[in-house]
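Kindly generate the corresponding structure for this input.
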Amino acid sequence: MTLPHLTRARALAAVVAATAALGLSACGVGGDTEQASADACPFQADESVDTTVRIGYQKIPNGDVVVKDQKILENCLPNATIEWSNFASGGDVVQAFGGKSLDIGLAGSSPSTKALSAPLDLPVSVIWIHDVIGSAESLVVRDGEATDIKGLKGKTIATPFGSTAHFSLLQAIADAGEDPSDYTIVNTEPEQIAPAWSRGDIDAAWIWDPTLSTLVKDGGKVVLTSEDTAKAGKPTFDLAIADRTFVKDNPKVLAVWAKAQDYAVKQIKDDPAKAAQSAAVEIGVSAADAEKQFAGFTFLDAKQQAGADWLGGKLGQDLFSTAQFLLTQDGIAKVAPESTYADGVDPGPAKAAAGE
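Take a look at the predicted model:
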(Lines give C-alpha, C1' and ligand atoms only; values in the text may rest on other atoms or scores of the structure.)
Protein backbone atom coordinates (compact mmCIF):
# COMPACT_ATOMS: atom_id res chain seq x y z
CA MET A 1 0.00 0.00 0.00
CA THR A 2 1.44 3.35 -0.99
CA LEU A 3 0.81 6.80 0.39
CA PRO A 4 -0.88 9.09 -2.16
CA HIS A 5 0.76 12.37 -3.11
CA LEU A 6 -1.08 15.55 -2.15
CA THR A 7 -3.27 16.92 -4.90
CA ARG A 8 -4.09 20.50 -5.71
CA ALA A 9 -7.80 19.73 -5.47
CA ARG A 10 -7.46 18.35 -1.94
CA ALA A 11 -5.31 21.30 -0.93
CA LEU A 12 -7.96 23.72 -2.19
CA ALA A 13 -10.66 21.76 -0.39
CA ALA A 14 -8.67 21.90 2.83
CA VAL A 15 -8.27 25.66 2.55
CA VAL A 16 -12.00 26.12 1.94
CA ALA A 17 -12.81 23.86 4.86
CA ALA A 18 -10.39 25.73 7.06
CA THR A 19 -12.01 29.05 6.20
CA ALA A 20 -15.43 27.64 7.00
CA ALA A 21 -14.20 26.27 10.30
CA LEU A 22 -12.64 29.47 11.60
CA GLY A 23 -13.51 30.07 15.22
CA LEU A 24 -12.91 33.75 15.86
CA SER A 25 -13.67 33.42 19.56
CA ALA A 26 -12.80 30.74 22.04
CA CYS A 27 -14.46 29.44 25.16
CA GLY A 28 -13.15 29.51 28.69
CA VAL A 29 -13.13 26.48 30.96
CA GLY A 30 -16.45 24.68 30.69
CA GLY A 31 -17.75 26.92 27.91
CA ASP A 32 -17.19 30.37 29.45
CA THR A 33 -17.41 33.07 26.76
CA GLU A 34 -15.97 36.11 28.57
CA GLN A 35 -14.17 38.75 26.52
CA ALA A 36 -10.39 38.49 26.33
CA SER A 37 -8.58 40.49 29.00
CA ALA A 38 -4.88 41.03 29.72
CA ASP A 39 -5.75 40.76 33.42
CA ALA A 40 -6.70 37.12 32.85
CA CYS A 41 -3.35 36.21 31.29
CA PRO A 42 -1.51 33.74 33.58
CA PHE A 43 1.79 35.49 32.81
CA GLN A 44 2.82 38.91 31.46
CA ALA A 45 0.53 39.87 28.59
CA ASP A 46 1.90 41.65 25.52
CA GLU A 47 -0.46 44.44 24.45
CA SER A 48 1.90 45.69 21.74
CA VAL A 49 0.98 42.90 19.28
CA ASP A 50 -1.90 43.71 16.94
CA THR A 51 -1.37 41.18 14.16
CA THR A 52 -3.60 38.28 13.08
CA VAL A 53 -2.48 34.77 14.07
CA ARG A 54 -3.99 31.86 12.11
CA ILE A 55 -3.80 28.59 14.02
CA GLY A 56 -4.75 25.10 12.89
CA TYR A 57 -5.69 22.65 15.66
CA GLN A 58 -7.02 19.13 15.98
CA LYS A 59 -9.37 17.60 18.53
CA ILE A 60 -6.60 15.88 20.48
CA PRO A 61 -6.47 15.96 24.30
CA ASN A 62 -3.27 17.94 24.72
CA GLY A 63 -2.18 21.43 25.69
CA ASP A 64 -3.27 23.03 22.43
CA VAL A 65 -6.99 22.59 23.16
CA VAL A 66 -6.41 23.78 26.73
CA VAL A 67 -4.87 26.97 25.34
CA LYS A 68 -7.81 27.39 22.98
CA ASP A 69 -10.59 26.77 25.49
CA GLN A 70 -9.08 28.92 28.24
CA LYS A 71 -8.46 31.78 25.78
CA ILE A 72 -4.86 32.04 26.92
CA LEU A 73 -3.62 33.53 23.66
CA GLU A 74 -6.58 35.90 23.44
CA ASN A 75 -5.92 37.10 27.00
CA CYS A 76 -2.15 37.32 26.65
CA LEU A 77 -2.26 39.00 23.21
CA PRO A 78 -5.39 41.10 23.82
CA ASN A 79 -4.91 43.37 20.81
CA ALA A 80 -4.17 40.56 18.36
CA THR A 81 -6.73 38.63 16.34
CA ILE A 82 -6.51 34.90 17.03
CA GLU A 83 -8.17 32.71 14.41
CA TRP A 84 -8.57 29.00 15.19
CA SER A 85 -9.32 26.47 12.43
CA ASN A 86 -10.16 22.83 13.13
CA PHE A 87 -8.65 20.08 10.95
CA ALA A 88 -9.39 16.37 10.85
CA SER A 89 -5.77 15.30 10.34
CA GLY A 90 -2.21 16.52 10.07
CA GLY A 91 -2.23 15.87 6.34
CA ASP A 92 -4.94 18.51 5.96
CA VAL A 93 -2.93 20.92 8.13
CA VAL A 94 0.09 20.49 5.87
CA GLN A 95 -2.07 21.13 2.82
CA ALA A 96 -3.30 24.36 4.41
CA PHE A 97 0.31 25.48 4.86
CA GLY A 98 0.81 24.71 1.18
CA GLY A 99 -2.12 27.03 0.48
CA LYS A 100 -0.55 29.71 2.76
CA SER A 101 -3.66 29.82 4.97
CA LEU A 102 -1.99 29.02 8.33
CA ASP A 103 0.76 30.53 10.49
CA ILE A 104 0.95 27.79 13.15
CA GLY A 105 -0.61 24.33 13.06
CA LEU A 106 -0.64 20.95 14.75
CA ALA A 107 0.52 18.01 12.62
CA GLY A 108 1.90 14.61 13.50
CA SER A 109 5.55 13.75 12.95
CA SER A 110 4.77 11.86 9.75
CA PRO A 111 2.98 14.71 7.93
CA SER A 112 5.48 17.19 9.39
CA THR A 113 8.30 15.14 7.88
CA LYS A 114 6.48 15.13 4.53
CA ALA A 115 6.20 18.91 4.73
CA LEU A 116 10.00 19.16 4.95
CA SER A 117 10.56 16.62 2.16
CA ALA A 118 10.13 16.56 -1.63
CA PRO A 119 7.86 17.15 -3.40
CA LEU A 120 6.45 19.63 -0.86
CA ASP A 121 9.60 21.25 0.58
CA LEU A 122 7.46 23.71 2.53
CA PRO A 123 9.11 26.65 4.35
CA VAL A 124 8.00 25.51 7.81
CA SER A 125 9.77 24.71 11.06
CA VAL A 126 8.84 22.46 13.96
CA ILE A 127 8.59 24.74 17.00
CA TRP A 128 6.92 22.60 19.69
CA ILE A 129 6.17 19.02 20.69
CA HIS A 130 2.54 18.94 21.74
CA ASP A 131 2.91 15.34 22.90
CA VAL A 132 4.78 12.11 22.47
CA ILE A 133 2.18 9.60 21.28
CA GLY A 134 1.73 6.41 23.26
CA SER A 135 -1.40 4.29 23.68
CA ALA A 136 -3.49 7.27 22.53
CA GLU A 137 -3.11 5.88 18.99
CA SER A 138 -3.81 2.18 18.71
CA LEU A 139 -4.80 -0.68 16.44
CA VAL A 140 -8.33 -1.80 17.29
CA VAL A 141 -9.77 -5.04 15.92
CA ARG A 142 -13.14 -6.67 16.31
CA ASP A 143 -13.13 -8.93 19.34
CA GLY A 144 -12.13 -12.41 18.22
CA GLU A 145 -10.98 -11.21 14.78
CA ALA A 146 -7.21 -11.29 15.46
CA THR A 147 -4.72 -11.10 18.30
CA ASP A 148 -1.83 -9.53 16.37
CA ILE A 149 -0.99 -7.77 13.12
CA LYS A 150 -0.32 -11.04 11.28
CA GLY A 151 -3.86 -12.18 12.00
CA LEU A 152 -5.20 -9.27 9.96
CA LYS A 153 -3.66 -10.34 6.64
CA GLY A 154 -6.34 -10.11 3.98
CA LYS A 155 -8.47 -7.92 6.25
CA THR A 156 -9.53 -4.30 5.82
CA ILE A 157 -7.80 -1.78 8.07
CA ALA A 158 -8.80 1.90 8.15
CA THR A 159 -6.48 4.78 9.01
CA PRO A 160 -5.99 8.38 7.82
CA PHE A 161 -3.24 8.23 5.18
CA GLY A 162 -0.17 10.31 5.91
CA SER A 163 -0.94 10.47 9.63
CA THR A 164 1.17 9.24 12.53
CA ALA A 165 -1.34 6.39 12.93
CA HIS A 166 -0.71 5.33 9.32
CA PHE A 167 3.04 5.50 9.93
CA SER A 168 2.72 3.30 13.03
CA LEU A 169 0.53 0.80 11.19
CA LEU A 170 3.00 0.43 8.33
CA GLN A 171 5.89 0.19 10.77
CA ALA A 172 4.11 -2.55 12.75
CA ILE A 173 3.53 -4.52 9.55
CA ALA A 174 7.19 -4.14 8.59
CA ASP A 175 8.37 -5.13 12.07
CA ALA A 176 6.25 -8.29 11.82
CA GLY A 177 8.06 -9.19 8.58
CA GLU A 178 4.90 -8.82 6.54
CA ASP A 179 4.10 -7.04 3.27
CA PRO A 180 1.58 -4.14 3.34
CA SER A 181 0.20 -5.39 0.01
CA ASP A 182 -1.23 -8.40 1.87
CA TYR A 183 -3.53 -6.06 3.79
CA THR A 184 -6.37 -3.88 2.51
CA ILE A 185 -5.46 -0.52 4.01
CA VAL A 186 -8.06 2.15 3.31
CA ASN A 187 -7.66 5.91 3.66
CA THR A 188 -10.39 6.98 6.09
CA GLU A 189 -10.77 10.24 7.99
CA PRO A 190 -11.32 9.89 11.77
CA GLU A 191 -14.98 10.92 11.68
CA GLN A 192 -15.70 8.30 9.00
CA ILE A 193 -14.15 5.36 10.84
CA ALA A 194 -16.82 4.74 13.49
CA PRO A 195 -19.68 4.63 10.94
CA ALA A 196 -17.62 2.30 8.72
CA TRP A 197 -17.01 0.06 11.75
CA SER A 198 -20.72 -0.02 12.60
CA ARG A 199 -21.60 -0.98 9.03
CA GLY A 200 -19.05 -3.79 9.06
CA ASP A 201 -17.05 -2.20 6.23
CA ILE A 202 -13.75 -2.49 8.11
CA ASP A 203 -12.19 -5.14 10.30
CA ALA A 204 -9.73 -2.93 12.18
CA ALA A 205 -8.46 0.63 12.49
CA TRP A 206 -5.33 2.35 13.73
CA ILE A 207 -6.74 5.59 15.11
CA TRP A 208 -6.82 8.02 18.02
CA ASP A 209 -9.46 9.26 20.45
CA PRO A 210 -12.32 9.95 20.54
CA THR A 211 -12.81 7.43 17.70
CA LEU A 212 -10.53 4.92 19.42
CA SER A 213 -12.71 4.80 22.54
CA THR A 214 -15.85 4.60 20.41
CA LEU A 215 -14.59 1.47 18.64
CA VAL A 216 -13.54 -0.16 21.91
CA LYS A 217 -17.02 0.45 23.34
CA ASP A 218 -18.50 -1.06 20.15
CA GLY A 219 -16.83 -4.45 20.55
CA GLY A 220 -13.27 -3.53 19.61
CA LYS A 221 -10.07 -4.74 21.23
CA VAL A 222 -6.68 -3.01 21.22
CA VAL A 223 -3.91 -5.33 20.02
CA LEU A 224 -1.10 -2.82 19.31
CA THR A 225 -0.34 0.78 20.24
CA SER A 226 1.95 3.53 19.05
CA GLU A 227 3.77 3.04 22.34
CA ASP A 228 4.72 -0.41 21.04
CA THR A 229 6.12 1.00 17.80
CA ALA A 230 7.97 3.69 19.75
CA LYS A 231 9.66 1.00 21.84
CA ALA A 232 10.65 -0.65 18.56
CA GLY A 233 12.54 2.53 17.65
CA LYS A 234 9.92 4.48 15.69
CA PRO A 235 8.37 7.12 18.00
CA THR A 236 5.61 9.42 16.79
CA PHE A 237 4.68 12.90 17.95
CA ASP A 238 2.08 15.60 17.62
CA LEU A 239 4.08 18.66 16.63
CA ALA A 240 3.52 22.34 16.04
CA ILE A 241 4.83 23.56 12.70
CA ALA A 242 5.00 27.22 11.78
CA ASP A 243 5.63 29.29 8.69
CA ARG A 244 9.27 30.38 8.86
CA THR A 245 8.57 33.91 7.64
CA PHE A 246 5.87 34.30 10.27
CA VAL A 247 8.27 33.08 12.97
CA LYS A 248 10.97 35.50 11.83
CA ASP A 249 8.62 38.48 11.60
CA ASN A 250 6.66 37.82 14.81
CA PRO A 251 9.04 36.91 17.66
CA LYS A 252 6.71 38.45 20.26
CA VAL A 253 3.83 36.25 19.09
CA LEU A 254 5.96 33.12 19.24
CA ALA A 255 7.23 33.99 22.71
CA VAL A 256 3.69 34.33 24.07
CA TRP A 257 2.45 31.31 22.12
CA ALA A 258 5.18 29.08 23.60
CA LYS A 259 4.56 30.40 27.12
CA ALA A 260 0.86 29.60 26.65
CA GLN A 261 1.65 26.06 25.54
CA ASP A 262 4.08 25.61 28.44
CA TYR A 263 1.42 26.83 30.87
CA ALA A 264 -1.07 24.32 29.45
CA VAL A 265 1.38 21.42 29.70
CA LYS A 266 2.10 22.24 33.33
CA GLN A 267 -1.63 22.43 34.03
CA ILE A 268 -2.13 18.95 32.55
CA LYS A 269 0.61 17.66 34.85
CA ASP A 270 -0.30 19.61 38.00
CA ASP A 271 -4.08 20.05 37.72
CA PRO A 272 -5.30 17.45 35.21
CA ALA A 273 -8.91 17.79 36.33
CA LYS A 274 -9.01 21.47 35.34
CA ALA A 275 -7.18 20.82 32.06
CA ALA A 276 -9.56 17.96 31.32
CA GLN A 277 -12.55 20.30 31.57
CA SER A 278 -11.12 22.33 28.71
CA ALA A 279 -10.13 19.31 26.65
CA ALA A 280 -13.61 17.87 27.12
CA VAL A 281 -15.25 21.01 25.72
CA GLU A 282 -13.00 21.02 22.68
CA ILE A 283 -12.98 17.33 21.74
CA GLY A 284 -16.54 16.48 22.71
CA VAL A 285 -16.11 13.94 25.53
CA SER A 286 -16.73 13.98 29.26
CA ALA A 287 -14.12 15.56 31.53
CA ALA A 288 -13.51 12.15 33.09
CA ASP A 289 -12.82 10.60 29.69
CA ALA A 290 -10.58 13.50 28.69
CA GLU A 291 -8.51 13.05 31.83
CA LYS A 292 -8.15 9.34 31.10
CA GLN A 293 -7.04 10.13 27.55
CA PHE A 294 -4.18 12.29 28.84
CA ALA A 295 -2.55 9.04 30.00
CA GLY A 296 -2.08 7.99 26.37
CA PHE A 297 0.51 10.72 25.81
CA THR A 298 3.73 12.02 27.32
CA PHE A 299 3.73 15.80 27.77
CA LEU A 300 6.92 17.86 27.88
CA ASP A 301 7.31 21.34 29.35
CA ALA A 302 9.39 24.01 27.65
CA LYS A 303 12.59 23.25 29.58
CA GLN A 304 12.40 19.56 28.67
CA GLN A 305 11.63 20.33 25.03
CA ALA A 306 14.59 22.67 24.65
CA GLY A 307 16.99 19.90 25.71
CA ALA A 308 19.14 17.71 23.48
CA ASP A 309 16.74 14.75 23.66
CA TRP A 310 13.97 16.71 21.95
CA LEU A 311 13.85 19.99 20.02
CA GLY A 312 17.44 20.70 20.93
CA GLY A 313 18.78 17.75 18.95
CA LYS A 314 17.28 14.28 18.70
CA LEU A 315 13.94 15.25 17.14
CA GLY A 316 15.69 16.17 13.91
CA GLN A 317 17.19 12.68 13.84
CA ASP A 318 13.75 11.15 14.44
CA LEU A 319 12.30 13.13 11.52
CA PHE A 320 15.16 11.96 9.29
CA SER A 321 14.42 8.34 10.26
CA THR A 322 10.74 8.92 9.56
CA ALA A 323 11.62 10.27 6.11
CA GLN A 324 13.71 7.18 5.35
CA PHE A 325 10.74 4.98 6.20
CA LEU A 326 8.26 7.11 4.25
CA LEU A 327 10.47 6.78 1.18
CA THR A 328 10.11 2.99 1.30
CA GLN A 329 6.33 3.46 1.26
CA ASP A 330 6.33 6.01 -1.58
CA GLY A 331 5.17 8.63 0.90
CA ILE A 332 7.80 11.11 -0.25
CA ALA A 333 9.75 11.50 -3.49
CA LYS A 334 13.16 11.47 -1.82
CA VAL A 335 14.84 11.86 1.54
CA ALA A 336 16.42 15.26 2.00
CA PRO A 337 19.89 15.59 3.55
CA GLU A 338 19.82 14.89 7.29
CA SER A 339 20.67 18.55 7.89
CA THR A 340 17.33 19.55 6.34
CA TYR A 341 15.43 17.85 9.13
CA ALA A 342 17.80 19.11 11.82
CA ASP A 343 17.48 22.66 10.46
CA GLY A 344 13.72 22.18 10.23
CA VAL A 345 13.49 22.05 14.04
CA ASP A 346 13.56 25.42 15.80
CA PRO A 347 13.99 25.20 19.60
CA GLY A 348 13.93 29.00 19.92
CA PRO A 349 10.32 29.44 21.16
CA ALA A 350 10.71 26.63 23.71
CA LYS A 351 13.98 28.11 24.96
CA ALA A 352 12.33 31.50 25.31
CA ALA A 353 9.42 30.00 27.25
CA ALA A 354 11.89 28.18 29.49
CA GLY A 355 13.75 31.43 30.18
CA GLU A 356 16.91 30.31 28.38
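
Asp309: helix or strand, and which one exactly?
According to DSSP states H and E, Asp309 maps onto no helix or strand at all.

and it, how many residues sit next to it?
11 (other CB atoms under 10 Å). For glycine as for every other residue, the C-beta is placed from the backbone atoms N, C-alpha and C.

now Gly284: how far from Gln293?
Look at Gly284 and Gln293: by CB to CB, to the nearest Å, they are 12 Å apart.

out of these two, which sits in the busier spot?
The neighbour comparison of Gly284 against Gln293 (other CB under 10 Å) goes to Gln293, with 24 against 11.

How about the more buried one: what's its closest non-neighbour residue?
Nearest non-adjacent residue to Gln293, counting by CB to CB, 6 or more residues apart in numbering: Pro61, 4.3 Å away.

Ok, Asp289 next?
Of all residues beyond its chain neighbours, the one nearest Asp289 is Ser213 (6.8 Å), with distances taken as CB to CB, 6+ apart.

List the residues that contact that neighbour.
Listed by CB atoms under 8 Å, 6 or more residues apart in numbering, the contact partners of Ser213 are 285, 289, 293.

Now intersect the residues you listed with the strands, please.
With strands defined by DSSP state E, no entry of the contacts of Ser213 lies inside them.

Dump the residues you listed into CSV; add pLDDT and distance to Ser138 as well.
Output for the contacts of Ser213, formatted as CSV (pLDDT from 0 to 100; distance: CB to CB, whole Å):
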residue, pLDDT, distance to Ser138
Val285, 91, 16
Asp289, 93, 15
Gln293, 94, 12
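
quick one: which of the residues you listed is nearest Glu191?
Of all these, Glu191 sits closest to Val285, with 14.1 Å by CB to CB.

Just give the nearest non-adjacent residue to the closest one, would you?
Pro210 (5.3 Å).

try Thr188
Ala158 is the one closest to Thr188 (CB to CB, 6+ apart), at 3.9 Å.

The one you found and Ile202, how far apart?
4 Å.

Please enumerate the shared neighbours of those two.
In contact with both Ala158 and Ile202: 186, 188, 193, 196, using CB under 8 Å, 6+ apart.

Quick check: of those residues, which has the highest neighbour count?
Ile193 (24 neighbours).

I figured that residue was touching Leu215, is that so?
Yes - here Ile193 reaches Leu215: they are 7.3 Å apart, a contact under CB atoms under 8 Å.

Pull up the overlap in contacts between those two.
In contact with both Ile193 and Leu215: 205, 207, using CB under 8 Å, 6+ apart.

re the thing from before, A helix includes the residue nearest to Gln293, no?
No - secondary structure of Pro61 (DSSP: H, G, I helix; E, B strand; the rest coil): coil, not part of a helix.

element containing the residue nearest to Thr188, please.
strand 156-159.

distance between the helix or strand that comes right after that strand and the chain's centre?
Next helix or strand after strand 156-159 toward the C-terminus (DSSP H and E): helix 164-175. For helix 164-175, the gap between its own C-alpha mean and the chain's C-alpha mean amounts to 17 Å (CA atoms, centre = their mean, to the nearest Å).

Show the secondary-structure elements that helix 164-175 is packed against.
strand 104-108, helix 109-116, strand 137-142, strand 156-159, strand 204-208, helix 226-231, helix 314-328 (3 or more CB pairs under 8 Å, 6 or more residues apart in numbering; DSSP states H and E).
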